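>>> Below are the sequence and a predicted model for it; my questions follow.
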Protein chains: 2
Amino acid sequence: MAYQTDPKRDLVLERIVDVPPNLVWAAWTRPDYIKKWFTPAPWQTVGCEIDLRPGGLFHTVMRSPEGQDFANSGCYLEVIENKKLVWTAALTADYRPQTAPAPFLFTATILLEPHGAGTKYTAIVVHGDEESAKKHGEMGFHDGWGKALDQLVALAKTM
Amino acid sequence: MAYQTDPKRDLVLERIVDVPPNLVWAAWTRPDYIKKWFTPAPWQTVGCEIDLRPGGLFHTVMRSPEGQDFANSGCYLEVIENKKLVWTAALTADYRPQTAPAPFLFTATILLEPHGAGTKYTAIVVHGDEESAKKHGEMGFHDGWGKALDQLVALAKTM
């Protein structure tokens, strides 16, 4: 990809998965699917709202193993079916700036490319500064997003 | 327009101007033009960089009458020629979350509709909370954006 990333402020997960792009896309864009894979167990995603258009809301509620709920509202920026999904935690519905407190803000770009019968999956997560990227990394970005992707793939195989 | 606005968190400037949409568009999207109208005199815009695409940088440097410079970096979200321009101060180039300190963040939508030989011009500025909108209003949103629009129209007549 021609994506220029900044190693100090960005986190990247790149992997080949053995399910096709349209199923990965479905998993990312349907609330019923999101609830099944989005958070690495034993965390759960207990709520999800999706308004799939630039400026549309992406809302999730994550539940900790202790039963505490964390709501997150973001905004879609680019929606290119089966290929590219971009959303940011810095804005909410209709591009309204975020005001909910968060340890850091990020924008995530999910790129899907056909790879044989599977998909080359790339998640690029950009942060405003090095400190935010470091915090996100220490909170387990690679392990967390990787485990969630395993769950996504397992789900896609049942579609 | 079908735009739903929130009177407590949004600021709106709507006006009919007697220059056509394509000239208003040019004024908003060319750095040499931006420098000529963007800040109400005696403020000046002394620098401008434009990467006109969703995810592209919109950078300006404003100079106060006392000679102090204020740099602002935002990000374009929607670019529909002669019709709609959306940019946000909550993100910078490539959708990276903003980190520069600011009194408030906002997202601006500029809508242009043909109106006779002129343009129905609508600027909708959305904020994260009422406090930000109030602050922006008190800093002179209507007077400032209105004066700047007068300058834009005067410039467009020379194009």
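Done, it's in. Bear in mind the structure is a predicted one, so any value in this text is a computation, not a measurement.
>>> Tell me the secondary structure at the nearest residue to residue A:71 once chain neighbours are set aside.
Nearest residue to residue A:71 in three dimensions, chain neighbours excluded: residue A:61, at 4.9 Å (CB to CB, 6 or more residues apart in numbering or on different chains). To be clear about C-beta, it is placed using only N, CA and C from the backbone, and glycine gets the same treatment. Three-state assignment for residue A:61 (DSSP: H, G, I helix; E, B strand; the rest coil): strand.
>>> Just give me the neighbour total for residue A:61.
17 (other CB atoms under 10 Å in any protein chain shown).
>>> mind listing what it touches?
Contact analysis of residue A:61 by CB atoms under 8 Å, 6 or more residues apart in numbering or on different chains lists A:45, A:46, A:47, A:48, A:69, A:70, A:71, A:72.
>>> Residue A:65 too?
Residue A:65 neighbours (CB under 8 Å, 6+ apart): A:42, A:43.
>>> I'd like to know how far the residue nearest the centre of chain A sits from residue A:12.
The C-alpha lying nearest the average C-alpha coordinate of chain A belongs to residue A:108 (CA atoms, centre = their mean; 6.2 Å). Separation of residue A:108 from residue A:12 (CB to CB, to the nearest Å): 11 Å.
>>> list residues touching both of these two?
Shared contacts of residue A:108 and residue A:12, defined by CB under 8 Å, 6+ apart, comprise A:123, A:124, A:125.
>>> can you tell if the one helix or strand the second one maps to touches chain B?
Translated: residue A:124. Residue A:124 belongs to strand A:118-127 when assigned by DSSP states H and E. Yes - against chain B, strand A:118-127 shows contacts by CB under 8 Å from any CB of the partner chain at A:126, A:127.
>>> I figured the residue nearest to the centre of chain A hits residue A:88, correct?
Yes - between residue A:108 and residue A:88 there is a contact under CB atoms under 8 Å: 7.5 Å.
>>> Extract the C-alpha set from stretch A:59-79 and format it as PDB.
Presented in PDB, the C-alpha positions along stretch A:59-79 are these (Å, rounded to 0.1, in the frame of the first residue of the first chain):
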ATOM      1  CA  HIS A  59     -21.200   3.500  18.600                       C
ATOM      2  CA  THR A  60     -20.100   0.600  20.800                       C
ATOM      3  CA  VAL A  61     -20.600  -0.400  24.400                       C
ATOM      4  CA  MET A  62     -17.900  -2.600  25.800                       C
ATOM      5  CA  ARG A  63     -18.300  -4.600  29.000                       C
ATOM      6  CA  SER A  64     -15.400  -5.500  31.200                       C
ATOM      7  CA  PRO A  65     -15.100  -8.900  32.800                       C
ATOM      8  CA  GLU A  66     -16.200  -7.200  36.100                       C
ATOM      9  CA  GLY A  67     -19.400  -6.000  34.400                       C
ATOM     10  CA  GLN A  68     -18.500  -2.300  33.900                       C
ATOM     11  CA  ASP A  69     -19.700  -0.700  30.700                       C
ATOM     12  CA  PHE A  70     -17.700   1.600  28.500                       C
ATOM     13  CA  ALA A  71     -19.500   3.500  25.800                       C
ATOM     14  CA  ASN A  72     -17.600   4.800  22.800                       C
ATOM     15  CA  SER A  73     -18.900   7.100  20.000                       C
ATOM     16  CA  GLY A  74     -17.000   7.600  16.900                       C
ATOM     17  CA  CYS A  75     -17.700   8.800  13.300                       C
ATOM     18  CA  TYR A  76     -17.200   7.200  10.000                       C
ATOM     19  CA  LEU A  77     -15.000   9.200   7.500                       C
ATOM     20  CA  GLU A  78     -14.700   6.900   4.500                       C
ATOM     21  CA  VAL A  79     -16.800   3.900   3.500                       C
END
